[in-house]
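> Structure of the sequence below:
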Amino acid sequence: MTADDYFAIQNLIYRYCERIDRADFKGLGELFAHAAIYVPALPEPVRGAAAVTAMYTQFTRVYPQTGTPRTRHVTSNVIIEPDGEHAARSWSYVLVHQATEALALQPIIGGGYADRFAKVDGAWRFTERRMDMDLFGNLSAHLLQQFGP
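A predicted model of the protein is given here:
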């Protein structure tokens with residue numbers, strides 16, 4: 001794996017944060033067009049662009065004043081490792097902060113992402129994301145449906 005490969009994969013991970021924080025759910029779907037997302041609260045993985053777009057649209061509260069969820073997804077401690085000639089895997093931490101008119105700035109959920117990637121026609125893409133959330137704060141201002149403990 002070259003440095004260019006590493007940065008391309010890293011950018012995919014960070015692009016997820018940017019798109020969800022901007023409420024670009026169609027863009028999120030495009031990131032995972034060839035992937036399965038395993039969400040602990042759902043019985044089956046979500047697969048394909050349309051299904052991913054629908055999931056985020058259905059579950060994420062968007063504030064009309066900003067057109068966003070008023071969140072900042074911060075991904076850190078990114079570890080990327082080759083997994084064959086044209087594949088890679090990664091593990092990263094995620095901590096989501098939120099502030100609304102009724103909610104002071106605070107972390108609302110934390111955990112990690114276990115991701116898999118494939119390089120197809122010279123471009124890296126997600127093939128799998130497993131969300132492992134283990135820190136829960138006040139999600140009432142972020143989610144339209146409650147998950148977690």
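
> Okay, now the unreliable bits of the chain?
146-149 (pLDDT under 70).

> how about the strands in it?
Per DSSP state E, the chain carries strands over the ranges 36-38, 46-47, 71-82, 87-98, 106-120, 123-136.

> Pretty sure Ala8 sits against Gly122.
No. At 9.8 Å, Ala8 does not count as touching Gly122 under the criterion of Cβ atoms under 8 Å. All C-beta spots, glycine's among them, are computed from the backbone N, C-alpha and C.

> just to revisit the earlier point, any chance of the strands of the chain in a markdown table, plus distance to Ala3?
Output for the strands of the chain, formatted as a markdown table (distance: least, Cβ to Cβ, whole Å):
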| stretch | distance to Ala3 |
| --- | --- |
| strand 36-38 | 28 |
| strand 46-47 | 31 |
| strand 71-82 | 11 |
| strand 87-98 | 13 |
| strand 106-120 | 14 |
| strand 123-136 | 13 |
